[in-house]
Every structure is written in C-alpha cells, then in structure tokens.
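Visitor: Curious how this folds, go ahead:
(2 chains)
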Protein chains: 2
Amino acid sequence: MQHTTSKFEFRLLAQSGAARRGEILTPRGVIRTPAFMPVGTTATVKALYTDQVKAAGADIILGNTYHLMLRPGAERIHRLGGLHSFMRWEGPILTDSGGFQVMSLATIRKITEAGAEFSSHIDGSRHMLSPERSIEIQCLLGSDIQMQFDECIELPAERSEVERAMQLSLRWAERSKSAFEEARDNGLAGDGQALFAIVQGGTDAALRRVSAEALVDMDFPGYAIGGLAVGEGHELMLSTLEATLPFLPKAKPRYLMGVGTPLDLIEAVARGVDMFDCVMPTRNGRHGLAFTWNGRVNLRNARHAEDTSPLDPESSCPAARDYSRAYLHHLVKSGEYLGAMLISWANTWFYQELMQAMRDAISEGRFDEWAAETKARLGETPSKGTA
Amino acid sequence: MQHTTSKFEFRLLAQSGAARRGEILTPRGVIRTPAFMPVGTTATVKALYTDQVKAAGADIILGNTYHLMLRPGAERIHRLGGLHSFMRWEGPILTDSGGFQVMSLATIRKITEAGAEFSSHIDGSRHMLSPERSIEIQCLLGSDIQMQFDECIELPAERSEVERAMQLSLRWAERSKSAFEEARDNGLAGDGQALFAIVQGGTDAALRRVSAEALVDMDFPGYAIGGLAVGEGHELMLSTLEATLPFLPKAKPRYLMGVGTPLDLIEAVARGVDMFDCVMPTRNGRHGLAFTWNGRVNLRNARHAEDTSPLDPESSCPAARDYSRAYLHHLVKSGEYLGAMLISWANTWFYQELMQAMRDAISEGRFDEWAAETKARLGETPSKGTA
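Guide: This next block holds a predicted model:
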C-alpha cells in the first residue's frame, strides 16, 4: 500500500537485534527498508525495462550524476522534464554526487578546496564539480534523495591523506547543505526531497567517528557510509561499519554506498544499515553470472549446456522460472542480448526478493536465525581485501 | 481466431489485383498472409522477448539452420525438446536450409554434387551440409516449414555459372524432397510440417522459368524465390519476381527470401508474394534506425536530442508510443542495451502493422490505392543495385 506525503520522512517499524525495518515516505512513493536500489547509471537500469525493475519489487533506483551531467547533460534533462519522466520511472530516485565517479572514471583531475576538475571519459571535455554544482545538477535532474559532494580516495592510503579527504568532505557537506537549502528557498527543490550526508574516514575507526559526529551535528535527514567496497574486503568493511553506525542517529536512514554481494547485504543489515546500491546484479547479469536462492550460477559453464531445469525454481521471476539453463547458457555463449536481458532481470529480482525476505525476518523478530540459514544456503564466500 | 489442423494447408481468402490474402494452417497455429517472419537466427529474435514478438502480431518466426547446427547444435536442440520449447516460441517456425549462410558466412568452402564443405565462422571447425543433412537438421530442430538445400551464388555472375548453380539446386531439391519424405516415413516429420522448394536462376528470366517449372513438376507445398536481395537492387528484384511468379501455382504460398525494406514488401505483395523474412527491423534497431508510419527515423541524429515527441504516435507499440525521441537518442548515443531493445521492438511491431494493413487492404479490394498512399507517406527510396 502506497502512502502519500508532501514531506520526506523516515519511520522505524521494527527491529530484530540491530537489524531495522522501516519506510521512507516521499511524495513519489514509499521506500521499504532495508532497500536495495538498482543502479540506472545513464538513465537506464542496464538491459531492463523500468516495468521489470518495478515488478521485481524495487521502490527506488539510483542515477549517476557524473554520467548524466556528461551525457545527455543535466540542463538538457531538466528541459526535457526531469529524470523521472525522461526514463519513465515514477518512483523515487536517488542520485549520487558525482564524487566517486570523478575519482574512478575521469582523467586529468585536480582536487582543490573549490571542487574537482576533470576530463570526461567520453570525449575528454573539461568539467568542474563542486558541492554547489553537484547540488545544482541533482536539482536539475529532480532526484528525490540527493547526496553531498565528497572526496572518495583510493585505499589503502596514509592516515594523513584519509584525514585530509575526510575533513575536506566535511567542509563540502556544509557547502552542499547550504546549496540544497538555497535551492529549496528558490523552489528548485521541495520539502519532499532530501539531502544525505556521507561519512568518510577510510577504515580508520577514529576518523569515521569524527566524520559521523560532525555530520550529525549538521543535522541531515539521512546518512551514508561512503568510501567502502573499494577493495578493503568484507571483514574490514564490517568492522568499519561497526565503528561508524553507533554514532549515527537511530531515527535517520543509513545508506551503505556501492554495496554489495548478498553476504555483504545480510551482514550490513544485521548491523543496522537501511539502504544499498550496487551494479552487481546487472553487471554480473551481462557476464552470465546469476544469483539464485541456491547460490551463484555461472551460466557460461559447459555443465549447463543440456540442463533443462530453470535457473531458480524458487524465484517468482519469469526469467529465472520459465527458461532452461541450457537456453541461458546458449544465449550467453552466443553473446546474445537476450542472455544479458534475462540474467540481469533474474538477478535484479533476486536482490529484491532477498531484501523482502530480510524485511519479513525483521518484522517477525527472527533476523539472526534467518541470516544464519540463508548464508548457509547461498554459500557466499566473504570477499578478501585487495587494497 | 486460431484454427486447428493436423495438416499443412494453404487457403487463398481474397485478392486485390495480383496481391493475395490467405492463411497457412499448421498444427502450431495459423499464419496470416502476406506474412513477415522476424528472424531468430540463433534461437532468439535479437533483443526481444518472444512475448513481444507475438504481441507485435507475428504468427511465425525464422530460425537459421547454419547458425543453430554450429551452436548449440541440432542434435543438442533435439535432445532438449526441439527449437520451439528451447526458445519459448509456441507458434510455427520456418528454418532455412543453411545454404545461403554457408555462402555468406563460412570460409574454406567447397561445393560438390554431394553438398557444401565449410569451416565454422565461430571456431573454424569443419562441417558438411548436404540436402540430406540439411533436412535431418531441420527435422531435429522440429521446424514447421523447412527449406530445400540450395546453392545461392553471388551476383553478378556469368550466365553459365548461374545456370550451373540453378541446375544443381534442382537436383538438390529432388534429394531434399526424398529426404523429407523419408523423415516423414520414419516419424521424424509429421503431416503438419512442410518442405518448400526454392526457385533460383539469378536475374535471368529464362533460367528462373526453367527452375520454377521444374520445381512445380516436383509438387512442393510451397515455393520460395531465392537468390534475390543480394545487391541486385529494387528494380531488378521486381522484374525477376515478375518473370518468376507466373510460373508458380496460385494455390501454393510464395515466399521471397531475405526481403526487405517496407517498399520491397509492398511491391512484392502487389505482385503476388505471400511470405517474407528479413533481419532489417532488428539489425537496424540495434543501429538506431527506426521504421515509422512517417518514414525512417535515424535516432543517432542530433536533431532528436531534445525532441519530447514519441517515435511514432500512430503505432500501438509501447516502444514507439511511450518513450521520447530524446530518450531513444540518448540511449543510442550511449550504446545502451535498452536503445537496441526499444527500437528493435518498435521496428518489429511496425513491420507487423504494415503486413496487417496490407492484409486489410487486400480484403477490402483496395490494395493498389493503399499502396500508392503508403509509399508516398513512407517516402522510401528504391535501393540501387550494388552487384
């Protein structure tokens, strides 16, 4: 059931251990938490129709400021009526600030107090992103949840470098907030839209605490944990989460950016995270790797060549239920569009089923039990650190 | 309304000038003619779900023997239950004989009286196709309409070479027919399946007549005109059609292979052709070229960048009706899957709407009038010969 609201609002509905079930109310619809946001980088969740994303159970999707500012351009999307109507997605959209992609995709970049100068990975054209410009772009796109502009450094890094970037991100948080409030005053953002802060500080517990406490003092409607899932590995990610979450307010949603595997999601929810985004379901879908209730299935593997069984008989997704593994194997081996379409669909659906199962388990007060059973079933191996 | 039948049967329902409306009854459903068959080369109509192909109005699709024998293999598809269930298409399927693709895709080939030796374009493995093996493969796939094995030469060619290939194809027609009858006797093909002959003879009217008359003497349930749309140009294709069709029986369906543009289809129907197949709707869809009731639209063109109008407001296809040209332009420029998915969908739908409009115009006895109006609207230019 959809509630309507003119304001952005978070409600905590149930807890099971530290795991939280809640809902974020926005004018464009309710976001059931814990929530997984499919990534629609360039105004499309790759290889899926928005109807499929919605039917999979997603309440909210993510768009990337960096990609959209370069192509087709934020001003252009604004002239065309905003990102929602452009891509035919009526529900809430969260946009990142562009900071992370500037670091990971752009070249010839220069970070100063003012912001980040960089060259487009598409055509080499020069651009500038600052807290003010990032918020302006996000308002032009019309996203429902916007993110502060931050500096996300590569790990491992010297502590002094991690601290410098974290402190810069705090100053950029202030400037992002001012820019967002100004946009509201000017009618460019409404009461139903919200700006989230991003906690930084690498894997250093003390720095994370400094960052979290400073941001909480600024009073944002939601808090993200940024700078993780960049190669530090599963265990270090979790310990960093444990060092951060206690300093975030219980009454606000917590968003772990860019995460992750099914195991990552379960462990992070167990520690009190409410929101996630990751390209994993769709990117793996394009490479023939499927997520199922019995673990990962690599459809490139020759053992599926004559397997008439469906990908996942427990799934209610047509892609996982109505096609044989033999056919999916053939499509993947042949490099056919339909292979990417079907497996991305099945994976996106699986991630939403996983979130629904977590929400149910929390409501029923049996999250830990559910998590233990599910982790055993999925057989996921914790990622080792590479950084 | 679907009729059921245990036999393959063609019924002529109406004529308007030389244009014919009819239906082919098969155990898997009725094929309304004139019919356009979307091409599902490797057991998938590229970038489309079979539900979309069906909803677009297609009664029958085409599969390619050459591609399927190489990957995943005809015996494998047979073990998996046949092509229909493999790719989830319940309606009739026509398979070609592999002859054309051996000539156009394979390398190191040798044509002898026995058949064609060639190397796979996928992995270089050596294969042999003969009339007997082609029919065996088509029976293993389980296709409803099968094609004789033929030699399709490149044009232009010496008359003696055209005649040699045509005569060889006649002998292969005999052998294909014997092989198909043997398959029927052995229960590998049923009464509801049919084998079509292929008229060859290049653009030489006399050779086409020789070929047609010889094949008619052999009494096939349907006749294809092969070896056209290989670069001879629109006018020469039509004059060759005019030199061939009078020698084919009125009571049997006529299939013009590998054709074509909307203009080609209209002109060929005007001359009495009943069936077509072509990769044009899907291949162009993957390259950003759309067919609409107001002519072709190149969505790569920058003039669509801020065009909020739909691709084709007259289409009932969601892809043509519900998305802006600006969004399609963005998807195409970004190389996104969804661009290929939407435009292939719109094109496949347009082709089916075009066939339905032709069928209606024939029933109403106003085909010539409709054709003149439609050609003017579509503004299609006849293709020039390149060979």
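Visitor: Show me which residues of the stretch 201-350 of chain A are close to chain B?
Guide: Contacts of the stretch 201-350 of chain A with chain B, taken as CB under 8 Å from any CB of the partner chain, map to A:305-306, A:308, A:322-324, A:326-327, A:329-331, A:333-334, A:336-338, A:340-341. Just so you know, the C-beta spots here come from the backbone N, C-alpha and C atoms, and that holds for glycine as well.
Visitor: out of the residues you listed, which are inside helices?
Guide: A:326-327, A:329-331, A:333, A:337-338, A:340-341 (DSSP state H).
Visitor: what residue ranges in chain A are flagged as low confidence?
Guide: A:1-4, A:108, A:387 (pLDDT under 70).
Visitor: Please parse it into its domains.
Guide: Here the domain assignment for chain A is A:9-277, A:285-376, based on automatic domain parsing.
Visitor: Let me know how buried residue A:379 is, in neighbour terms.
Guide: 11 (other CB atoms under 10 Å in any protein chain shown).
Visitor: If you could redo that for residue A:181, that was the one I meant.
Guide: Counted with other CB under 10 Å, the burial measure for residue A:181 works out to 13 neighbours.
Visitor: Over to residue A:12?
Guide: A total of 15 residues lie near residue A:12 under the criterion other CB under 10 Å.
Visitor: List buried residues within the residues of the stretch 201-350 of chain A next to chain B.
Guide: A:323-324, A:326-327, A:329-331, A:333-334, A:336-338, A:340-341 (16 or more other CB atoms under 10 Å in any protein chain shown).
Visitor: which among those residues gets closest to residue A:205?
Guide: Within those, the smallest distance to residue A:205 is 40.5 Å, found for residue A:340 (CB to CB).
Visitor: Distance of that closest one relative to residue B:47?
Guide: Using CB to CB, to the nearest Å, we find residue A:340 at a distance of 10 Å from residue B:47.
Visitor: Please enumerate the shared neighbours of those two.
Guide: Both residue A:340 and residue B:47 are contacted by residue B:337, under the criterion CB atoms under 8 Å, 6 or more residues apart in numbering or on different chains.
Visitor: Mind putting the buried ones among the residues of the stretch 201-350 of chain A next to chain B into JSON lines with distance to residue B:74?
Guide: Written out in JSON lines, the entries for these read as follows (distance: CB to CB, whole Å):
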{"residue": "A:323", "distance to residue B:74": "20"}
{"residue": "A:324", "distance to residue B:74": "17"}
{"residue": "A:326", "distance to residue B:74": "14"}
{"residue": "A:327", "distance to residue B:74": "15"}
{"residue": "A:329", "distance to residue B:74": "16"}
{"residue": "A:330", "distance to residue B:74": "13"}
{"residue": "A:331", "distance to residue B:74": "17"}
{"residue": "A:333", "distance to residue B:74": "16"}
{"residue": "A:334", "distance to residue B:74": "15"}
{"residue": "A:336", "distance to residue B:74": "18"}
{"residue": "A:337", "distance to residue B:74": "23"}
{"residue": "A:338", "distance to residue B:74": "20"}
{"residue": "A:340", "distance to residue B:74": "25"}
{"residue": "A:341", "distance to residue B:74": "25"}
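Visitor: Which single one of these is nearest to residue A:101?
Guide: When these are ranked by distance to residue A:101 (CB to CB), residue A:340 comes first, at 22.3 Å.
Visitor: Residue A:251 - that's part of a helix, no?
Guide: No - counting by DSSP: H, G, I helix; E, B strand; the rest coil, residue A:251 falls outside a helix, being coil.
Visitor: quick one, what contacts the closest residue to residue A:101 other than its chain neighbours?
Guide: The shortest distance from residue A:101 to any residue other than its chain neighbours is 3.4 Å, reached at residue A:66 (CB to CB, 6 or more residues apart in numbering or on different chains). When the contact criterion is CB under 8 Å, 6+ apart, the partners of residue A:66 are A:96, A:98, A:100-102, A:105-106, A:129.
Visitor: Closest to residue B:116 out of those residues?
Guide: The shortest approach to residue B:116 among these belongs to residue A:105, at 48.8 Å (CB to CB).
Visitor: if I look at the residue lying closest to the closest one once chain neighbours are set aside, how far off is residue A:308?
Guide: Taking CB to CB, 6+ apart as the measure, residue A:105 lies nearest to residue A:121, with 4.8 Å between them; neighbours along the chain are not counted. Computed with CB to CB, the distance linking residue A:121 and residue A:308 is 43 Å.
Visitor: can you check residue A:370 too?
Guide: Distance from residue A:370 to residue A:308, by CB to CB: 31 Å.
Visitor: where's the residue of the stretch 1-150 of chain A found nearest chain B, which helix or strand?
Guide: Closest to chain B within the stretch 1-150 of chain A is residue A:47: 4.0 Å, counting by CB to the nearest CB. Counting by DSSP states H and E, residue A:47 is held by no secondary-structure element, helix or strand.
Visitor: For the nearest residue to it once chain neighbours are set aside, give me its contacts.
Guide: Of all residues not flanking residue A:47 in the chain, residue B:337 sits nearest, at 4.0 Å (CB to CB, 6+ apart). Contacts were defined as CB under 8 Å, 6+ apart; by that measure residue B:337 touches A:44, A:46-47, A:337, A:340-341, B:47.
Visitor: got it, and residue A:297?
Guide: Taking CB under 8 Å, 6+ apart, we find residue A:297 in contact with A:289-291, A:304, A:311, A:325.
Visitor: Let's verify it: helix, strand, or coil?
Guide: Classification of residue A:297 using three-state DSSP returns strand.
Visitor: which residues pair with it across the strands?
Guide: When bridges are called by DSSP bridges, residue A:297 pairs up with residue A:290.
Visitor: Roughly how far does it sit from chain B?
Guide: Using CB to the nearest CB, to the nearest Å, one gets 18 Å for the distance from residue A:297 to chain B.
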